[in-house]
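> coordinates only, no sequence provided:
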Ligand SMILES: [Zn+2]
């Protein structure tokens, strides 16, 4: 990350997910932005998020393919073993995307209230 950028940037996110225990008790997982490339249009890795709170730490990578398609990967066992199944997403990616959907889409005008 360049030290001289002045854009507002989200570098951390806490999301409640089913925990790693057998009862899947809801637990706060922390997502930490570890890497972000300035140029988001070129193919390659755009962002790397570290996920803490599970049995071990995982990494989520957002990657742009040659054709411009965005792909998201997680390093957890669930994503590795079942990631190629159509429509399957591990809970880390699912929770991450779900959290980002909580915000209004770009273009919605929000006014700060007094
Ligand atoms: Zn995962």
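That came through, no problem. Everything numeric in this text was worked out from a predicted model, so none of it was measured.
> would you map the helices across this structure?
Using DSSP state H, the helices of the chain run over residues 77-82, 91-101.
> quick one: the closest residue in space to residue 10 that isn't next to it in sequence from residue 104, how far?
Here the nearest residue to residue 10 in space, its sequence neighbours aside, is residue 33; by Cβ to Cβ, 6 or more residues apart in numbering that works out to 7.0 Å. Backbone N, C-alpha and C define where each C-beta goes, glycine included. Between residue 33 and residue 104 the distance is 21 Å, computed by Cβ to Cβ, to the nearest Å.
> the more surrounded of those two?
Between residue 33 and residue 104, residue 33 has the larger neighbour count (other Cβ atoms under 10 Å), namely 15 against 9.
> what parts of the protein come near the ion?
When proximity is defined as Cβ under 5 Å from the ion, the chain approaches the ion at 74, 76, 79, 90, 92.
> go again with 6 Å.
For the chain, the residues in contact with the ion (Cβ under 6 Å from the ion) are 58, 74, 76, 78-79, 90, 92-93.
> tell me the buried residues in the longest strand seen in the chain?
Determined from DSSP state E, the single longest strand within the chain is strand 26-36. Neighbour counts over strand 26-36 (16 or more other Cβ atoms under 10 Å) mark 29, 31, 36 as buried.
> next: stretch 90-98.
Counting neighbours by 16+ other Cβ under 10 Å, the buried set in stretch 90-98 is 90-93, 95-96.
> sorry, back to before: quick one: contacts for the residue nearest to residue 10?
Remark: with contacts taken as Cβ atoms under 8 Å, 6 or more residues apart in numbering, residue 33 is in contact with 9-12, 47-49.
> which one of these has the most neighbours?
Taking other Cβ under 10 Å to define a neighbour, the member of the contacts of residue 33 with the most is residue 49, carrying 24 neighbours.
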